[in-house]
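Asker: sequence-free structure coming up:
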């Protein structure tokens, strides 16, 4: 099986500009490709995870990655998938986030001996002359075509600022610059970046008369069509100080039955034959598949030692010790509204608090966790799907545990 065929079988490929040429490049280790990461926080998160894994797969096959950190584009903010404008960040904040990204990327990509490059688009975007951009780049972009792009449609409803409107031009200029300076011939990115990426290939064709290519990868969505990587308390971060290895492990251990095989295919480096075998598993065997998923991904991010600790800790918490004598509470359909239950009601129904007021106080004091993850928002809703077949463990304080199931 060729690399391209494996990417396709794993469900990674969404759209391509020229499949024949892209196959030729990636299968024969001839691709010099880039993926961009805007430093909107001081850590990468699960949303970046699949892109990093893709870079690793391609590099292992002899292709050369360019990791672009968007110190320049972060000054504008990507409007893709947004209904409001991103909060403006200071230059100091952006630079700090860039340095954090660099350290984390090195865990996935081998930058030694010119095997990969790490660039910051601030190096060329920040010094651009506005009039030069208007004259040299502006004529190659059709406003009518830009306004039809998916990345702008949602923003058009509430008002698209001229600041954000420039994002596509800046990203296209990145590809143009990398093509000229490093021979970068392919851009990869999330499927929500398709319009921006086409802008880059078109700019290269118009300005240089050369061909460059683009391929998008499918976004990581759960069986309900929602982006994965979010929890009640926010994003699942790759920085262990923001999301502990244990909580990272638990996030993947608790994916729904419907999502576990897809996650194994898209995110792990396990052989497809092994994953196909797991696809036949049912019932309790799916728990083993989830443990394999959680261990493999935690190992990728935090190393085998931390992954082993997380796995051991989870088993100790949920399979022995306190868990042996853990009371079980069964919820019924009447406890849910549109498939969800408020966290305060959930705590009260589980018997861990006598009232909503007491449950609220427990959460505000930081004393409540669900499957090892601290609950910090009293307004969150817990879905019936999250509770699932296996149930969830709610802990209040150090010694009170309850396992909640759906009857």
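Answerer: On my side now, so go ahead. Everything quoted here is computed from the prediction, not taken from an experiment.

Asker: Torsion angles phi and psi at residue 284?
Answerer: Summarising the backbone geometry of residue 284 under the convention degrees, to the nearest 10, its torsions are phi -70, psi -20.

Asker: Could you report the neighbour count for it?
Answerer: Other residues near residue 284 number 9, with proximity taken as other Cβ atoms under 10 Å. All C-beta spots, glycine's among them, are computed from the backbone N, C-alpha and C.

Asker: ok, now which ones touch it?
Answerer: Applying Cβ atoms under 8 Å, 6 or more residues apart in numbering to residue 284 gives no contacts.

Asker: Where does the record place the domain boundaries for this structure?
Answerer: In the assignment given by automatic domain parsing, the structural domains of the chain cover 3-217, 229-319, 325-407.

Asker: The longest one - what's its average pLDDT?
Answerer: Averaging pLDDT along domain 3-217 yields 87.

Asker: The residue nearest to residue 199 when sequence neighbours are not counted: which element?
Answerer: Counting by Cβ to Cβ, 6 or more residues apart in numbering, residue 199 lies nearest to residue 172, which is 3.8 Å off, once chain neighbours are set aside. When elements are defined using DSSP states H and E, residue 172 is found to belong to helix 167-182.

Asker: Determine the set of other helices and strands touching that helix.
Answerer: Applying 3 or more Cβ pairs under 8 Å, 6 or more residues apart in numbering; DSSP states H and E, one finds that helix 167-182 contacts strand 32-37, strand 64-69, helix 122-125, helix 194-208.

Asker: how close does the residue nearest in space to the middle of the chain sit to residue 146?
Answerer: Averaging the C-alpha coordinates of the chain gives a centre point, and the residue nearest to it by Cα atoms, centre = their mean is residue 47 (1.0 Å). In this structure, residue 47 and residue 146 are 25 Å apart, going by Cβ to Cβ, to the nearest Å.

Asker: hmm, back to that, which among the domains of the chain is found nearest to residue 223?
Answerer: Each of the domains of the chain was scored for nearness to residue 223 using Cβ to Cβ, and the closest is domain 229-319 (3.8 Å).

Asker: what is the mean pLDDT for the closest one?
Answerer: When pLDDT is averaged over domain 229-319, the result is 88.

Asker: For the stretch 151-300 of the chain, which segments count as helices?
Answerer: Read by DSSP state H, counting those that start in this stretch, the stretch 151-300 of the chain holds these helices, from start to end of the chain: 162-165, 167-182, 194-208, 245-253, 260-267, 272-278, 285-302.

Asker: Just the buried positions in the third one, please.
Answerer: Of the residues in helix 194-208, those buried by neighbour count under the rule 16 or more other Cβ atoms under 10 Å are 194, 195, 196, 197, 198, 199, 200, 201, 202, 203, 204.

Asker: Surely residue 203 is in contact with residue 137?
Answerer: Yes - shown here, residue 203 and residue 137 form a contact pair, counting by Cβ atoms under 8 Å, at 7.1 Å.

Asker: Give me the common contacts of those two.
Answerer: When Cβ under 8 Å, 6+ apart defines a contact, the residues bordering residue 203 and residue 137 alike are 172, 173.

Asker: which one among the buried residues of helix 194-208 gets closest to residue 286?
Answerer: Where the buried residues of helix 194-208 are concerned, and distances follow Cβ to Cβ, residue 286 has its nearest neighbour in residue 194, at 33.6 Å.

Asker: wouldn't that closest one be in contact with residue 218 here?
Answerer: No - Residue 194 is beyond contact range of residue 218, at 11.6 Å (criterion: Cβ under 8 Å).

Asker: okay, and the common contacts of these two?
Answerer: Taking Cβ under 8 Å, 6+ apart as the contact criterion, the common neighbours of residue 194 and residue 218 are residue 14.

Asker: Not counting sequence-adjacent ones, nearest residue to residue 221?
Answerer: With sequence-adjacent residues excluded and distances taken as Cβ to Cβ, 6+ apart, residue 221 is closest to residue 227, at 6.1 Å.

Asker: re earlier: how many residues are close by the residue nearest to residue 199?
Answerer: The number of residues packed near residue 172 is 24, by other Cβ under 10 Å.

Asker: The residue lying closest to residue 149 once chain neighbours are set aside and residue 167, how far apart?
Answerer: When the adjacent residues along the chain are set aside, residue 149 lies closest to residue 195, with 3.5 Å between them (Cβ to Cβ, 6+ apart). Applying Cβ to Cβ, one obtains 10 Å for the distance of residue 195 from residue 167.
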